[in-house]
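> whatever this is, show me its structure:
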Amino acid sequence: MTVAAELTFLAASLLGWAPMIILQAVFLGPTTAAVVGSALTVWVWWIFQPNLDISGIELPREKAPALFEALDGLRQKLDAPPIHRVMLCEDLNAAAHLSGGLLSLVGGQRTLVLGVPLLKLLSKDEATAVIAHELGHFSRHHGRLGHWIYNVRAKWGVYLNSDEKQDSGLDRLRRWIASAFLPRFMRMSASRSRVCEFEADELAVRATGSSHLAQALIKLDIAGSLMRHGLRRKLNELQAESPHAPAAFWDFVAAFVRDTAPDKLQAALEEARSLPRRVHDTHPSLDDRIEAIGASLNLPDWTPADCAGQQLLGADWPTQLNAANARWCEQKAPAWRLRHLRLGALQARRLADAAGDDSVELAHLQSEDEIKASDDTLQALERHAQTHAANALAQYGLGLALLNRARPEGIAQVRSAIKLDRRLAVPGYEAILSHVHLHGTEDEIHEFSKRRDLAVEKQGLLRKGFWRHLMDVPLTPLQPWAAQLLSEVLREEKALDGCWVARTRMTSETGEIYDINLLIARVHHAKLEADDLDEDALSARYATYLAALCPPNELLRLSVYFDTEPINPRLLARFMGVPGCELHKPTGTINANVIKIDSL
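As a prediction, this is how the structure comes out:
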């Protein structure tokens, strides 16, 4: 199947070169044409391989001698080949990567990736067992085949998830081939991947003993469950109290897990064990792995002690931990501050709401549930939904609260909201998918993925000629309280040099009337590069800000311009005609020396 997919893609890619090859055969002979055709085939196959980047920071040997000494010892025990580099990432995980080479079967670079959170939460012995497991993937027992399977899945996953808006015809062809090939290959290869995991566990036990690996696996599953539920509620509480995100986030996570009561740790373990297993899963269940290595599935010892990072990285550990904390804070701080300001504004609006606005009351009930997640807050949402049975947002809010508690009845509740208001289809099916990816079946994932994709496709029709459409429709101001909060949070955006907001309405082909919230931002290109940000990342951040202030049945449209490129004067003039649209006044001159701009 893999060969068929590769050959189909190659054939399609070479169609454009066929005339040149034919001319070579006519004028220079079949031998020359065959050589040129073979060279082009190899070149096309190689040049279109996706770049599977391994994100993280490379750790040199001199920075962590204890870690590399442990690696050398484990390599000898496991008969594993040399490691070319060690990378630190920000995931609660570890991984072994074999990149480059020919089909990952000949040559290639071996990379061990260790998550800073993993090194923070595990002891030295537990982390060593995890490292031994990853080195087991590099051993001569199954490494080549296992990594070939991984790279094929990753490569075709890149094709499948490529950005349709920036795709060429060739990209669309690759995505079509991937959509037909990848699901089947994943099902066929998953059982082999699970065998590889069992083999790597066996090798880790041989090198470090079963108890340390068992403790590590159980700790990681418990920590993952707590981060999905209890930690999220704790962070919501902190957001309500302070505009500042935790500066030492991973220290906070470690303390939160360590201080969790035994009954809640047990509940987290049971939640992790209850997650459904699927045919395409690459890892066996925790129960199966613990049974296979002959260990007991008991609560681990969370007694405070020096973590693996302290013992394996030594003097460099504080630097790496602080860097990981700083990166988390940098990513989360702007949205954190906005949510804090929003909660304060919501409280003020509720106190000033003499008329009893239902939307204000619903927003208050939802924020209370996000912070407390208690039976009382859920019952309050249920009462509100019953009282406002025809209100789609009331039904939707209750559905989200149920899904956040991993309760399957939340699916029907969200779907009832979508039936009342089709504009909730995209966010509603996204919320359901987030739930079923963890707790649902493969059939449910397939069903709701199709429903989500269809809803996105229908909404996508509104994007055609959208900015040109704005020349002919009325624009209105953003809600004053929302504009004020957005203006306040945008003051912290160092790269921003001008921001304008407004609202408009459009009717879809199926008759739904959408309120659309608009934002145009102008940014300093030099400052963006200095902060190592790109346009897509900045657009996503601004979209997060706007989404936090708008109901889920409204749409967002953003356009980000560099200060080195023009903004359509007619479009800007339309925005400037809206009261209060300019949230951030530009410092530089817009469209200097530009004679005419018609492009939208």
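
> now do the strands in the stretch 1-150 of the chain.
57-58, 85-89, 94-99, 109-115 (DSSP state E, counting those that start in this stretch).

> for the helix or strand containing Leu321, the distance to its chain's centre please.
When elements are assigned from DSSP states H and E, Leu321 belongs to helix 317-352. Relative to its parent chain, helix 317-352 has a centroid offset of 18 Å by C-alpha atoms, centre = their mean, to the nearest Å.

> after that helix comes which helix or strand?
Downstream of helix 317-352 (by DSSP H and E), the next one is helix 358-372.

> hang on, Ala223 packs against Leu121?
Yes - here Ala223 reaches Leu121: they are 5.6 Å apart, a contact under C-beta atoms under 8 Å. C-betas here are computed from N, CA, C, even on glycine.

> hang on, the earlier thing: the helix holding Leu321 - contacts with which helices or strands?
helix 116-121, helix 230-241, helix 249-259, helix 308-313, helix 358-372, helix 480-490, helix 535-548 (3 or more C-beta pairs under 8 Å, 6 or more residues apart in numbering; DSSP states H and E).

> need the winner for burial among these.
Mean neighbour counts were taken over the helices and strands packed on helix 317-352 using mean count of other C-beta atoms under 10 Å, and the top value, a mean of 25, falls to helix 116-121.

> export the helices and strands packed on helix 317-352 to a markdown table and tack on mean pLDDT and distance to Val560?
Formatted as a markdown table, the helices and strands packed on helix 317-352 follow (pLDDT from 0 to 100; distance: least, C-beta to C-beta, whole Å):
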| stretch | mean pLDDT | distance to Val560 |
| --- | --- | --- |
| helix 116-121 | 96 | 31 |
| helix 230-241 | 91 | 26 |
| helix 249-259 | 94 | 28 |
| helix 308-313 | 96 | 38 |
| helix 358-372 | 90 | 28 |
| helix 480-490 | 91 | 13 |
| helix 535-548 | 87 | 5 |
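
> could you export these to CSV, including columns for distance to Leu275?
Shown next, in CSV, are these (distance: least, C-beta to C-beta, whole Å):
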stretch, distance to Leu275
helix 116-121, 20
helix 230-241, 16
helix 249-259, 19
helix 308-313, 26
helix 358-372, 23
helix 480-490, 36
helix 535-548, 28
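
> among those helices, which is nearest Pro284?
Distance to Pro284, taken as C-beta to C-beta, is lowest for helix 116-121 among those, at 19.2 Å.

> who touches the closest one?
Residues from elsewhere that reach helix 116-121 (C-beta atoms under 8 Å, 6 or more residues apart in numbering): 88-94, 127, 130, 219-220, 223, 250-251, 253-254, 257, 307-309, 312-313, 317, 320-321, 324.

> let's go with 6 Å and repeat that
Outside helix 116-121, the residues within contact range by C-beta atoms under 6 Å, 6 or more residues apart in numbering are 88, 90, 92, 94, 127, 223, 250, 254, 307-309, 320, 324.

> buried sites along stretch 316-328?
For stretch 316-328, the neighbour count (16 or more other C-beta atoms under 10 Å) marks Asp316, Trp317, Gln320, Leu321, Ala324, Asn325, Trp328 as buried.

> give me the below-cutoff pLDDT ranges for the stretch 101-250 of the chain.
Counting by pLDDT under 70, the low-confidence segments of the stretch 101-250 of the chain come to 101-108, 140-187.

> now do the helices in it.
Assigned helices in the stretch 101-250 of the chain, in chain order: 116-121, 124-138, 143-160, 169-208, 210-228, 230-241, 249-259 (criterion: DSSP state H, counting those that start in this stretch).

> with the stretch 451-600 of the chain instead?
Under DSSP H, counting those that start in this stretch, the stretch 451-600 of the chain gives helices at 466-469, 480-490, 525-530, 535-548, 569-576.

> relative to Asp201, which of those is closest?
Closest among the helices of the stretch 451-600 of the chain, using C-beta to C-beta: helix 535-548, at 37.4 Å.

> and the angle for the closest one with helix 480-490?
Following axes from the mean of the first three to the mean of the last three C-alpha atoms, to 10 degrees, one obtains 150 degrees for the angle between helix 535-548 and helix 480-490.

> can you show me the CA trace of helix 535-548 as CSV?
Output of helix 535-548 as CSV, limited to C-alpha atoms (Å, rounded to 0.1, in the frame of the first residue of the first chain):
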residue,chain,number,x,y,z
GLU,A,535,2.3,36.3,10.8
ASP,A,536,0.3,33.1,11.3
ALA,A,537,1.2,32.9,15.0
LEU,A,538,0.2,36.5,15.5
SER,A,539,-3.1,36.1,13.6
ALA,A,540,-3.9,33.1,15.8
ARG,A,541,-3.2,35.1,18.9
TYR,A,542,-5.4,38.0,17.9
ALA,A,543,-8.1,35.5,16.9
THR,A,544,-7.9,34.1,20.4
TYR,A,545,-8.4,37.5,21.9
LEU,A,546,-11.4,38.2,19.7
ALA,A,547,-13.0,34.8,20.3
ALA,A,548,-12.8,35.2,24.0
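
> so which elements touch it?
Packing partners of helix 535-548 (3 or more C-beta pairs under 6 Å, 6 or more residues apart in numbering; DSSP states H and E): helix 317-352, strand 513-523, strand 555-562.

> the last one: which residues count as buried?
By neighbour count, and taking 16+ other C-beta under 10 Å as the criterion, the buried residues in strand 555-562 are Leu555, Leu556, Arg557, Leu558, Ser559, Val560, Tyr561.

> against Arg339, how distant is the nearest residue to the first one once chain neighbours are set aside?
Closest residue to Leu555 in three dimensions, ignoring its sequence neighbours and counting by C-beta to C-beta, 6 or more residues apart in numbering: Ile516, at 4.6 Å. As for Ile516, its distance to Arg339 is 23 Å (criterion: C-beta to C-beta, to the nearest Å).

> more crowded one of the two?
Arg339 (24 against 18; other C-beta atoms under 10 Å).

> that older thread, now the helices and strands packed on helix 535-548 in a markdown table, with distance to Ser374 and mean pLDDT?
Shown next, in a markdown table, are the helices and strands packed on helix 535-548 (distance: least, C-beta to C-beta, whole Å; pLDDT from 0 to 100):
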| stretch | distance to Ser374 | mean pLDDT |
| --- | --- | --- |
| helix 317-352 | 17 | 89 |
| strand 513-523 | 32 | 93 |
| strand 555-562 | 32 | 91 |
